[in-house]
Every structure is written in C-alpha cells, then in structure tokens.
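Engineer: pasting the sequence and the predicted coordinates here, then a few questions.
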Amino acid sequence: MDQVRFSFRLNEPLSLLKEKYQRFGYESEILEDDVYLLAYDGHEIIAIVRVSTEHDTAVLRGMFMDKKYHRQGIGRKMLEELSTLLNQKYPTCYCIPYSHLEGFYSLIGFEKMEQEKAPSFIQKRIEGYLNKKMDIILMKRVTT
C-alpha cells in the first residue's frame, strides 16, 4: 500500500471514469458533478468511489476496487479520506451497500436504518435492487 495514493478527481475525463466503472461491472449512470475519490497505483486507477447529490441529498455510491488490491487496507483508507469530505461538505449522507459490508461502512459512522424512513427516491432505488435479488441494506451517516 506504500505506493498507493489517493486523490479527489482533478483533470480525469468523465469518459475515463465511466470506462473504469464499466470494467468493474457498474451499470449506473455517473455524472460530471459527482465528487470522485480515486486510488492510484502509479498512474493506474485501482479504486474509485463517488458522492452524488440527488434531490439535495448526498449518496455514497459505486465503491469499487481492483480485486488484486483487496484486503490491503486501501478501502479503509479511502473511507477515511471520504470521511473528511463528508464532515466538511455533506452533513447527512446515505449509502446502499451489500449487507456483508455493514461493518466496513460503519467504520466512518454509517448506521443501518429502515428503508421506510429514507427519501422516496432512495426507497425506489432499494426496491429496484431488491427486485434484482441483491442482498443490500440502507445506511445513513450524520455528522455531529
């Protein structure tokens, strides 16, 4: 992990980020205005996550990492970097991770919550995921 560096998106074209997400199998649309945190090994993007503002609500979305970098603390470090941004800019943020990642996201203060208490657009997204038989949960982080 010594060679890995983290950076919020600066000059990277959206097309490059779309291509990277597609390689990870991510099908959702990504937007120019989203905030992207990237992990690099040299010049190669090895991990990516974004914060999207939808209906004036921050949503952590699309965290992916090349498999060969799993279990090296990179994801945890990305969350720590992201936590600083969330503290400064997004006092409330939602995420919809796979259920086995609850402990991971709780590292920076996300807590599991009931779907019925979420904004309607998030409830609709969750229903779509559940219809695809995805084992997901809803989490929320509030900066205090």
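Structural biologist: Yep, that arrived. Numbers count the residues shown, from 1 in each chain.
Engineer: nearest spatial neighbour of L130, skipping sequence neighbours?
Structural biologist: I136 (7.2 Å; Cβ to Cβ, 6 or more residues apart in numbering). For every residue, glycine as well, the C-beta is placed using N, CA and C.
Engineer: what's across from the one you found in the sheet?
Structural biologist: When assigned by DSSP bridges, I136 has beta-bridge partners Y98.
Engineer: next one, pLDDT for it please.
Structural biologist: What the model reports for I136 is a pLDDT of 96.
Engineer: for it, which residues are in contact?
Structural biologist: Taking Cβ atoms under 8 Å, 6 or more residues apart in numbering, we find I136 in contact with I96, P97, Y98, S99, I126, Y129, L130.
Engineer: could you redo the last one with a cut-off of 7 Å?
Structural biologist: Contact analysis of I136 by Cβ atoms under 7 Å, 6 or more residues apart in numbering lists I96, P97, Y98, S99, I126, Y129.
Engineer: what is the neighbour count of the third one?
Structural biologist: So the one you mean is Y98. 12 (other Cβ atoms under 10 Å).
Engineer: coming back round to it: the residue nearest to L130 and I96, how far apart?
Structural biologist: Going from I136 to I96 by Cβ to Cβ, to the nearest Å gives 5 Å.
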